[in-house]
Each structure stands twice: as C-alpha cells, then as structure tokens.
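Visitor: With the sequence up front, the predicted model follows.
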Amino acid sequence: MNELIAKLLQFHIPEHLIIRLIADIELLAGSHHLDIQHIPRIIPDDPDDDVMIACAIQSYADFLVTNDRHFDALGGFYRHVHIIDTLHFLWTVRGDSPPPQ
C-alpha cells in the first residue's frame, strides 16, 4: 500500500482520492500479512518490486498491473500472475484487441 500511495502522490493525485481508493481496496480485497524478511529476490534491478510480486502471489491475484519496466525481466508472467501494463489490462478487461501497430 505504501508503494501505491507514494506512486499516486508522485502523479499528484489528490490526497482525498487516495484515501478513498485505499479504503475501497481494503474493503474489497481485504488484507494479508506479508513477512518482508522472507520475500525472495525476483526483480534484479529493484528489490522494492519483489514485494509487489509477493503480494500478488499471496493474494492469488490473476494480474499485476504496472507500467514499471523492471517487471519486464519476468516476461509478462510469474507463477500464476500475469504481469501487464495498464493499457493492455484495459483491453483485456474490455475484451478488446490492441490496435495493429
């Protein structure tokens, strides 16, 4: 959650919207305890990103949506988690296909 809050603040999202989003996430998703001392190193260039993968795995997430290029090292998939950028996730949720390049 701290990483999400920091990123939203970095993009100048108003604090009241962040508070509302965090409350909605906690209400809908619940929370899990994660022992950060036992998180394996997965993302070589940014250890903070290992926490994001560990959270996705522990919560049985289908997707981890990120535009962070450090995750590219995993090739779009780790264990049961699809790692996808925001635009491709939007296409996936809508059932659309990406436009031809």
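Guide: Everything's here; your move.
Visitor: Determine the longest helix present in this structure.
Guide: Longest helix in the chain, counting residues (DSSP state H): helix 15-29.
Visitor: Return the residues in contact with residue 52.
Guide: Neighbour list for residue 52: 3, 64, 66 [criterion: Cβ atoms under 8 Å, 6 or more residues apart in numbering]. In this view, the C-beta of every residue, glycine as well, is placed from N, C-alpha and C.
Visitor: try 7 Å this time
Guide: 3, 64 (Cβ atoms under 7 Å, 6 or more residues apart in numbering).
Visitor: so where does residue 57 fall, helix or strand?
Guide: Using DSSP states H and E, residue 57 sits within helix 48-58.
Visitor: Can you list the buried residues in that helix?
Guide: Neighbour counts using 16 or more other Cβ atoms under 10 Å place 49-57 of helix 48-58 among the buried residues.
Visitor: would you list those in CSV and tack on distance to residue 38 and pLDDT?
Guide: Formatted as CSV, the buried residues of helix 48-58 follow (distance: Cβ to Cβ, whole Å; pLDDT from 0 to 100):
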residue, distance to residue 38, pLDDT
49, 16, 89
50, 11, 90
51, 11, 88
52, 15, 88
53, 13, 90
54, 9, 89
55, 13, 86
56, 16, 88
57, 12, 88
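Visitor: Those: which two are farthest apart?
Guide: Spanning the widest gap among the buried residues of helix 48-58 are 49 and 57, at 12.9 Å by Cβ to Cβ.
Visitor: quick one, helices of this structure?
Guide: Under the criterion DSSP H, the chain contains helices at 2-10, 15-29, 48-58, 86-94.
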